[in-house]
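**Q** Prediction below, plus the sequence it came from.
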Amino acid sequence: MSYFGKFYLVGPEATKAVNWLFTADVSKAPGSTVYTCMLNQRGGVESDLTVSRISPGDPASPLAPTFEGDGYYLAIGGAVAQHNWSHITSVLQDMKLQCKLLDCSEELGMMSIQGPLSRVVLQEVLDTDLSNEAFPFSTHKLTTAAGCTVRAMRLSFVGEMGWELHVPQEDCVKVYRAVMQAGARHGITNAGYRAIDSLSIEKGYRHWHADLRPDDTPLEAGLAFTCKLKSSIPFLGREAVEAQKAKGIFRRLVCFTTEEKVPMFGLEAIWRDGEVVGHIRRADFGFAIDKTIAYGYIRDPAGGPVSLDFVKSGSYQLERMGVTYPAQAHTRSPFDPDNKRVKGFY
C-alpha cells in the first residue's frame, strides 16, 4: 500500500480549504478520520479519499509536520495521486487561502493489516489499546511499533476489521517484520492488489476510475452519505448535487451477482426486462459469497428517474460474449450489509 499518495494540507486557513474541497465534514477534532469525495463544479467525483485531522508535530518527522493553524492528512490511491494533487492545487490557487499542500508520498510507507485477527496480531506490535472503546473505527493516533513511531488508522477497504500503519520510509522493513513475526502463529499472509479488488467489490467499496469518474455524481454512485447537505457549509459542486437531488437521479450504480461462476471484467451489457439499460464498469469474483459480482450504472429506457423501486422491480441479465446470464440486483452490499465486521463485531 506504500504507493498511496500522502499529502498534508496545513495552515491558518486550512479548515476553510477543506470545507470547500471535500463533500463530507472533515473539520472534526484531531484524531478523526473521514471518508469523503471531492467534486468538480458539475457535481462529478474527482476523487474519493480519507482525510484525517492532525495536530502539529515534529518538524523532522514526515508523520506529523509542524504548522500554524489547522492540519489535515490526506491518504489517496496511488494511481490517482497526481490527479488529486493537480485538482487540489488548482482549487487552492483559485481560493487564495493561507494554507499549503505538502507531498510526503515518498517519505512514508503504508501497510494495511486486515481481518478478524488483526486486533490480536497488532496488539502485540502497537503500544496502544486497540479495543473498540479505546480505538474506534474511523479514528487514528500516533503510537509505536517495534520501537518506531507510526500513525495507526482504523480503516478498511476490504470489509474487515483492520488498521493501516503509516510508517516513515526508513522504518518500514522493521515494522513489517514485527507484524509478520507477531502474525505468524495466527496464519498471517501477504495479499496483493487483486485480493483488494475482489474484497472491495464484494463489500461495495468504490474504485475511482471504474465505479467513480468525473462525470459520475455522489448521488448516482450511492455516496450521498459523504455529502454534508444537511449542514449549511458550502462545498465545491454542492449546487449541482442539490439540483440533481431535487430533479431526480436518472442513472444509478447497481450491484449485480450471478449464480453461474462466469468471469466478467467490465463493459458487459446490462439487460433489464429485455432492454439494455447500461454496461458493467467493474467486475470480479467474490470468494466469501461465492458468486461473480459486477457494478454498473443503469438508466430507464423510458427516460424517467431511476429510483430504488425501479432497480428492485426489474428482471436482469448480464451479457458476456453474446451469452446472457441471469443476475440479481442488490441495493445494499451483498456482504455484511450492516457493516458489523469493520467495527469488530463478528
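**A** Thanks, I have the structure now.
**Q** Off-centre distance for the longest helix along the chain?
**A** The single longest helix within the chain, with elements called by DSSP state H, is helix 81-95. Averaging C-alpha positions (CA atoms, centre = their mean, to the nearest Å) puts helix 81-95 19 Å from its chain's average.
**Q** Counting by contacts, list what that helix packs against.
**A** The helices and strands touching helix 81-95, judged by 3 or more CB pairs under 8 Å, 6 or more residues apart in numbering; DSSP states H and E, are strand 5-11, helix 14-21, strand 33-39, strand 45-54, strand 100-103. C-beta coordinates here come from the backbone N, C-alpha and C atoms, glycine included.
**Q** got the contact list for the last one?
**A** Contacts of strand 100-103 from elsewhere in the structure, counted by CB atoms under 8 Å, 6 or more residues apart in numbering, are G5, K6, F7, Y8, L9, V10, G11, P65, W85, I88, T89, L92.
**Q** try 7 Å
**A** Residues outside strand 100-103 that contact it (CB atoms under 7 Å, 6 or more residues apart in numbering) are F7, Y8, L9, V10, G11, P65, W85, I88, T89, L92.
**Q** same thing with the longest one?
**A** For strand 45-54, the surrounding residues in contact (CB under 7 Å, 6+ apart) are 18, 22, 26, 28-40, 64, 71-76, 80, 84, 87, 140, 153, 155, 206, 208, 212-214, 216-218, 221.
**Q** repeat for stretch 66-73
**A** Contacts of stretch 66-73 (CB under 7 Å, 6+ apart): 8-15, 18, 26, 51-54, 56-57, 59.
**Q** Return the members of those residues classed as buried.
**A** Neighbour-count burial (16 or more other CB atoms under 10 Å) applied to the contacts of stretch 66-73 gives 8-11, 14-15, 18, 26, 51-54, 57.
**Q** how about CSV for those residues, with distance to F345 and pLDDT added?
**A** As requested, those are exported to CSV (distance: CB to CB, whole Å; pLDDT from 0 to 100):
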residue, distance to F345, pLDDT
Y8, 33, 97
L9, 33, 97
V10, 36, 96
G11, 39, 96
A14, 35, 97
T15, 33, 97
V18, 31, 98
V26, 26, 96
V51, 26, 98
S52, 24, 98
R53, 26, 97
I54, 28, 96
G57, 33, 84
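**Q** Let's have these in TSV, adding distance to V276.
**A** Output for the buried ones among the contacts of stretch 66-73, formatted as TSV (distance: CB to CB, whole Å):
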residue	distance to V276
Y8	46
L9	43
V10	49
G11	50
A14	47
T15	46
V18	41
V26	39
V51	38
S52	42
R53	45
I54	48
G57	54
